[in-house]
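A.B. asks: Mind looking at a prediction? Sequence and model below.
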Amino acid sequence: MSRPLRVLFVEDSEDDTLLLVRELRRGGYDPIYERVDTAAAMSAMLTPERWDIVISDYNMPDFSGLAALKLLQEHELDLPFLLVSGSIGEDRAVAALKAGVHDYLMKDKLLRLVSTVERELRESELRSLHRRAEQQLRQAEAKYRTLVEQIPAIIYSAALDATSGTLYISPQIEAILGVSQAEWLADPQRWLKHLHPRDIDRVLADMAHSQAGGEPVRIARKLTQSELAALIGATRESVNKWLNHYERQGLIEVDGRTITLRTPETLRRRIY
């Protein structure tokens with residue numbers, strides 16, 4: 001059974017067009033085609049989903065193959081584009097391929113026309129699948145960002161390597177830590193600067209263990225005074241006064257929105 005093939009021929013010769021149609025039919029295709037030989041006529045034919053492939057002559061009285069290619073690119077249609085010419089030198093052929101032509105054939109050597117068309121149609125389908133996958137990924141990322149940006153907490157993703165650099169961080173970081181997304185992401189190691197010096201070795205060891213074994217990591221750390229102030233809605237000055245009495249005796253830990261202060265007398269306070 002013949003396979004339908006929608007072909008736009010850019011060709012000034014009706015005889016040469018019929019020669020190509022005949023070769024495609026011999027290869028098992030049923031061409032549905034139009035022939036154009038000017039920029040205006042081609043532009044009128046370039047509508048989405050209309051064509052499977054474009055086959056163009058190289059030289060024409062009022063048009064050219066490279067001009068046809070440029071017009072196709074301007075319409076942002078990713079279609080296989082083949083040049084079929086009676087005479088094209090090697091230098092011109094290489095320049096055409098660099099410009100975006102997918103392949104070229106000589107008019108007196110059409111034996112590989114069908115195989116070339118089949119290959120380019122397969123590659124075109126792969127490109128289409130890739131574009132759809134990228135679009136679906138962008139849509140999923142947009143939904144994810146919309147979701148995490150509604151959560152009243154800092155959500156982030158980090159690289160699974162020795163740097164553990166931040167790849168994404170939600171905009172809530174500015175309200176909670178007083179640092180913008182751009183500032184945080186500009187410095188992959190900035191998160192280390194928000195650790196208390198006594199916490200750094202332990203946290204890095206926990207991260208390394210997580211990366212080596214693929215296990216989740218839970219990090220408990222001390223808060224800076226500015227972070228605590230932002231979290232409980234107080235001024236930094238008032239937090240400083242509150243901490244003066246305890247900072248040498250206690251340890252501040254954060255678990256969600258709960259802050260626990262431990263003193264030598266094992267006094268515990270929870271601030272919400």
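C.D. replies: Nice, thanks for sending it over.
A.B. asks: how close does residue 98 sit to residue 87?
C.D. replies: Residue 98 is 19 Å from residue 87, where distance means C-beta to C-beta, to the nearest Å. Any C-beta I mention is one placed from the backbone N, CA and C, and that applies to glycine too.
A.B. asks: likewise residue 34?
C.D. replies: Per C-beta to C-beta, residue 34 is found 25 Å from residue 87.
A.B. asks: Looking only at neighbour counts, state which of these two leads.
C.D. replies: Neighbours were counted for residue 34 and for residue 87 using other C-beta atoms under 10 Å; residue 34 has more, 16 against 10.
A.B. asks: so when I look at the more buried one, I'm seeing a helix, right?
C.D. replies: No. The assignment for residue 34, made by DSSP: H, G, I helix; E, B strand; the rest coil, is strand rather than a helix.
A.B. asks: what bridges to it?
C.D. replies: Beta bridges link residue 34 to residue 8, judged by DSSP bridges.
A.B. asks: and it, what pLDDT?
C.D. replies: For residue 34, the pLDDT comes out at 96.
A.B. asks: Residue 60 now?
C.D. replies: Residue 60 carries a pLDDT value of 92.
A.B. asks: now the helices: where do they sit in the protein?
C.D. replies: 14-26, 39-45, 65-74, 90-99, 113-148, 172-177, 181-186, 190-193, 200-213, 225-232, 236-244 (DSSP state H).
A.B. asks: want to throw the ones you listed into TSV with mean neighbour count?
C.D. replies: Shown next, in TSV, are the helices of the chain (neighbours: other C-beta atoms under 10 Å):
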stretch	mean neighbour count
helix 14-26	16
helix 39-45	14
helix 65-74	19
helix 90-99	13
helix 113-148	13
helix 172-177	16
helix 181-186	14
helix 190-193	14
helix 200-213	13
helix 225-232	17
helix 236-244	14
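A.B. asks: Among those, which comes closest to residue 159?
C.D. replies: Distance to residue 159, taken as C-beta to C-beta, is lowest for helix 200-213 among the helices of the chain, at 9.6 Å.
A.B. asks: export that closest one as PDB, just CAs?
C.D. replies: Below are the C-alpha coordinates for helix 200-213, written out as PDB (Å, rounded to 0.1, in the frame of the first residue of the first chain):
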ATOM      1  CA  ILE A 200      29.900  22.900  59.300                       C
ATOM      2  CA  ASP A 201      32.000  19.600  59.600                       C
ATOM      3  CA  ARG A 202      28.900  17.600  60.900                       C
ATOM      4  CA  VAL A 203      26.600  18.900  58.100                       C
ATOM      5  CA  LEU A 204      29.200  18.300  55.400                       C
ATOM      6  CA  ALA A 205      29.700  14.700  56.700                       C
ATOM      7  CA  ASP A 206      25.900  14.100  56.700                       C
ATOM      8  CA  MET A 207      25.700  15.400  53.100                       C
ATOM      9  CA  ALA A 208      28.600  13.200  52.000                       C
ATOM     10  CA  HIS A 209      27.000  10.200  53.600                       C
ATOM     11  CA  SER A 210      23.700  11.000  51.900                       C
ATOM     12  CA  GLN A 211      25.300  11.300  48.500                       C
ATOM     13  CA  ALA A 212      27.300   8.100  48.900                       C
ATOM     14  CA  GLY A 213      24.400   6.000  49.900                       C
END
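A.B. asks: How far off centre is it?
C.D. replies: 30 Å (C-alpha atoms, centre = their mean, to the nearest Å).
A.B. asks: cool, and stretch 24-38?
C.D. replies: Relative to its chain's centre, stretch 24-38 lies at 36 Å (C-alpha atoms, centre = their mean).
A.B. asks: ok, back up a step: list just the one of the helices of the chain that sits closest to residue 54.
C.D. replies: Nearest to residue 54, of those and by C-beta to C-beta, is helix 65-74 at 6.2 Å.
A.B. asks: how close does the residue nearest the centre of the chain sit to residue 15?
C.D. replies: Using C-alpha atoms, centre = their mean, the residue of the chain that lies closest to the mean C-alpha position is residue 134, 6.2 Å off. Distance of residue 134 to residue 15, given as C-beta to C-beta: 43 Å.
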